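[1] structural data only, the sequence is not supplied:
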């Protein structure tokens, strides 16, 4: 019998077809963040049991655009950049589980298949979208990462624009926002093939970066921010009632695993297997 | 606590964000098939235990291009066709499990996220690709679905062409090929988030269409067929040693579930839960 | 010195790089049309001198979606369909020149470079867009080209949806609409490289298909039709004040040249060089 | 009659639909260059009369990848970056006209319509392609613009990879290569609509940036460089016989017009209208 290899599918004897390599995964990227408050009931509508609203500022939401280059340990993807470059736009809220506060990505769009694949493992609910974000540059008309630098971003999916933002960097900031500052509490589930009402897997995991480095975070003025309705999306239900602020930061990140928070299929006390996160 | 709805992610209280709806799933499509033989050892390298080579013609392979419109029961996706239209190219072999012959999709590329999503449920190892296939048309220079009609197809991924084919329809045929004629035996697996060497789910399912209708299948002469190498793919290892033939057919298909064949995580005898397949 | 070959650029000695081949050009396609009336002043705002409003129904507009396979005389593009398949959405009005009524394409979006290229020659103002249109199919849930068949279409560009439509076929119709029924009167112009306020070419041409065949046209009920605003587009200024009707037809078309109507750079009487149109 | 506005099509009374704005045009970008020598006869096959081979190093070729953000004077495109961001890969040779050496872009692929449009005005023979280039970044695994930084790039069109390169930056260099160091001598031509063998416009223009700024150019070791054949391209005929070197540079550029070098339709001495270039 054949020993199959490959972190994800397709698994083969040679093991060189896998859509993504084994972790650790490495990233270089630019992050543009808009934080705002919505009605906490709208956040609660996105939290599956046993997750609950965060005790403080439960209606806080972050919409984050990111422009990434990702790779495996040998970095080969960087030199064939169609395998490395992608952009994403994701919506983060906070929640609590057993007295701890977690972040949670409730919606996310990416523009590559390897990004969707990592999302399957990490519990990100990834759809395909068209994402654009002004890129900083040291010359010409593009902005610098410095006070006064102006950045714009847009997200579209299924040929409808879903969100757009414009920010102006103000000053260096001790944080890059607070909504996405915790480990993520994400669901991973698989329905039984013969009875979709039954689950073969139904768990909540915690996932966070193993390490991160970066330049200074910048606090930014939010010059424009709008969510648009679409028949197949609910993003605009997280109505911005109050803009908290904008942020910009360039980062390097390593991801190398998470830990199981809660197994919905287990009768016993939720497993707490310590991991890297 | 919030009751979450939605067949796949993202699950929400309103349940209208899910990337795909609940089955049954409905399809209208065109299928272009090239069947050939490769070294059976190359097929065996893609079969995980306990699957084994098919007893007859174990080296038979089909490369199938398909141009689909898919929808849910209320068919709303058809009228917003960005939600409905996609193309795919997939590689099928045969195998056996407990004395029964199954087909198995070993590689597959699609060009939409909802197609990837259905693949997650059905065990297809979907990557994103650029797929093109001549479309039949009743007027002008495009081919008719009739003897003499000429069709071409190509598959590319990560900016490399992986396969191309050209066929000429010869005559109506009692079959649309034999390699893809069985229920699929597919793996579904999820690695533990804290220890990727452990699986939280590791099963083999059987999946097939619930019903199908279609026009006549046509036997075709294969005028051209080539597989190309790529660093992140192994498709070209299924070297065509002998072309068996080509086929063309227009079909309507319904998919509504499968059954569990084998649970690699279970100590007991493999479950055989009867389902729709 | 080198003799350069190729209908369009890039021209080379070998002549095999040209983005498009020499005419005649052949097409197989599906056309979905919505005709409506807008304020004639909005049409007049798109007619350059010496073109004037059509004497009858001057505010009539057609928005046409088309799903094409195109090729040159040897049809080779059909068998490498990435070179052949494209979709377009275009806006047509009518106008008059020297007592004759012409159609005129005022806005058009396509999704391939060879389509843009033909547009350069034929005077179509082509931009890139994302265009989708329900495709008829004989099996499964997709519609048939018959009374009751339901079709939808969408157009997006620069990540904004610009237009969408839904129609239901009613009955065979003697015409496929009236707005796009005349030869097109199109401008072709090139600005001087050293002084953009001067033109090196500034002419109006007439262009029409050399021949066309097709199935029955169907009159359709317009179930939905909407134009959406965008900062870089003016399509929505052609506000639909009254829907005239919808149409659907499958066609085969040959294009093989046009004729010069008016040379804005010429002091003399406009040339009337007889051609194929 | 209506006064039409807009630099390019579609021209309208309001003038806000034009695919590109009036010059000047501003750019921020990264340039990755591989210079090599091919058989001068292969270069000559791409030079239309009266252009001739450059007297020195006539077989020198540059393949340049560029990752741009472009905008008009008010920079609005930068904040809706789908209107601003694009990549290109282009092939440059040198030639001579009336004793002066010029560069000339013989092949070029871009991934946006506004880039194609500027090419129409500037005489670049632009096709659509899929272009990727490693991006420098200050954090994480992506390279720095410094000795040792490794960059890769690829070009594909019509679902075939056409070229790829990998370089390692060595040291600062006084130049960013020599092949693309001159004003471009480009053709602009339009065929008569009624007789494609006749030209309505057929000229050679010179075009160059009005101004440029940038960081240090880096000389680079070319670790990999390959051209691939394709049925609709001739790029691989410029066979690399000897690699000269690689370069990398970040730049800001302004373009604001060119000048007419030669009018093939004029009987008199070629016009020499002084312009900005």
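    Yep, it's here. Since the structure is predicted, the reported quantities are computational estimates derived from the model, not experimental observations.
[2] list of residues touching the longest helix anywhere in chain A?
    For chain A, the helix with the greatest residue count under DSSP state H is helix A:113-122. Under the contact criterion C-beta atoms under 8 Å, 6 or more residues apart in numbering or on different chains, helix A:113-122 has outside partners A:8, A:19-20, A:25, A:68, A:70, A:83, A:86, A:88, A:108, A:110, A:124-126, A:128, A:184, A:186, A:188, A:205, A:207, A:255, A:258, B:113, B:116, B:120, B:126-128, B:190-191, B:193. C-betas here are computed from N, CA, C, even on glycine.
[3] and the strands in chain A?
    Applying DSSP state E to chain A gives strands spanning A:25-37, A:52-53, A:60-71, A:85-97, A:100-110, A:126-128, A:130-133, A:150-157, A:160-173, A:184-191, A:199-214, A:217-227, A:242-263.
[4] the residue in the stretch 51-200 of chain A that chain D sits nearest to - nearest residue in space that isn't next to it in sequence?
    Chain D sits closest to residue A:140 of the stretch 51-200 of chain A, with a gap of 2.5 Å, by C-beta to the nearest C-beta. Nearest residue to residue A:140 in three dimensions, chain neighbours excluded: residue D:252, at 2.5 Å (C-beta to C-beta, 6 or more residues apart in numbering or on different chains).
[5] thought the one you found was touching residue D:27?
    Yes. The criterion here is C-beta atoms under 8 Å, and residue D:252 meets it with residue D:27 at 6.8 Å.
[6] distance of residue A:257 from chain C?
    Distance, residue A:257 to chain C, using C-beta to the nearest C-beta, to the nearest Å: 35 Å.
[7] burial count for the spatially closest residue to residue A:232 that is not a sequence neighbour?
    With sequence-adjacent residues excluded and distances taken as C-beta to C-beta, 6+ apart, residue A:232 is closest to residue A:158, at 6.1 Å. By other C-beta atoms under 10 Å in any protein chain shown, the residues close to residue A:158 number 24.
[8] what does residue A:266 give?
    Using other C-beta under 10 Å, the number of residues around residue A:266 comes to 12.
[9] quick one on the thing from earlier: residue contacts, the residue of the stretch 51-200 of chain A closest to chain D?
    Residue A:140 neighbours (C-beta under 8 Å, 6+ apart): D:26-29, D:69, D:213, D:251-253.
[10] where does pLDDT dip in the stretch 1-150 of chain A?
    Along the stretch 1-150 of chain A, segments meeting pLDDT under 70 span A:1.
[11] residue of it with the smallest distance to chain C?
    residue A:130 (5.1 Å).
[12] now do the shared contacts for residue D:252 and residue D:27.
    Shared contacts of residue D:252 and residue D:27, counting by C-beta under 8 Å, 6+ apart, come down to A:140-141.
[13] picking up where we left off before, buried subset of the contacts of helix A:113-122?
    For those, a burial check counting by 16 or more other C-beta atoms under 10 Å in any protein chain shown picks out A:8, A:19-20, A:25, A:68, A:70, A:83, A:86, A:88, A:108, A:110, A:124-126, A:128, A:184, A:186, A:188, A:205, A:207, A:255, A:258, B:113, B:116, B:120, B:126-128, B:190-191, B:193.
[14] before we move on, the earlier item: relative to strand A:25-37, how tilted is the longest helix of chain A?
    Here the directions of helix A:113-122 and strand A:25-37 differ by 80 degrees (axes from the mean of the first three to the mean of the last three C-alpha atoms, to 10 degrees).
[15] list, one by one, the residues from the stretch 151-277 of chain A near chain C.
    Selection of the stretch 151-277 of chain A residues close to chain C by C-beta under 8 Å from any C-beta of the partner chain yields A:154, A:156, A:159-161.
[16] nearest to residue D:148, of those?
    The nearest member of those to residue D:148, counting by C-beta to C-beta, is residue A:154 at 35.3 Å.
[17] which ones are touching the closest residue to that closest one other than its chain neighbours?
    Nearest residue to residue A:154 in three dimensions, chain neighbours excluded: residue A:164, at 4.5 Å (C-beta to C-beta, 6+ apart). Residue A:164 makes contacts with A:152-155, A:224-226, D:80, as judged by C-beta under 8 Å, 6+ apart.
[18] quick check, nearest of the residues you listed to chain C?
    Using C-beta to the nearest C-beta, the contacts of residue A:164 come closest to chain C at residue A:154, 5.7 Å.
[19] what residues does the stretch 101-250 of chain A have near chain B?
    A:106-107, A:112-113, A:116, A:120-123, A:125-128, A:158-159, A:187-188, A:190-196, A:200-201, A:203, A:205, A:207, A:231-234, A:237.
[20] how about 7 Å then?
    A:106-107, A:113, A:116, A:121, A:125, A:127-128, A:158-159, A:188, A:190-191, A:193-194, A:196, A:200-201, A:205, A:207, A:232-234 (C-beta under 7 Å from any C-beta of the partner chain).
[21] from chain D, how far out is the residue lying closest to residue A:48 once chain neighbours are set aside?
    Ranked by C-beta to C-beta, 6+ apart and with sequence neighbours excluded, the top spatial neighbour of residue A:48 is residue B:4, at 4.6 Å. Distance, residue B:4 to chain D, by C-beta to the nearest C-beta: 33 Å.
[22] would you confirm that residue B:4 contacts residue B:11?
    Yes. At 4.0 Å, residue B:4 counts as touching residue B:11 under the criterion of C-beta atoms under 7 Å.
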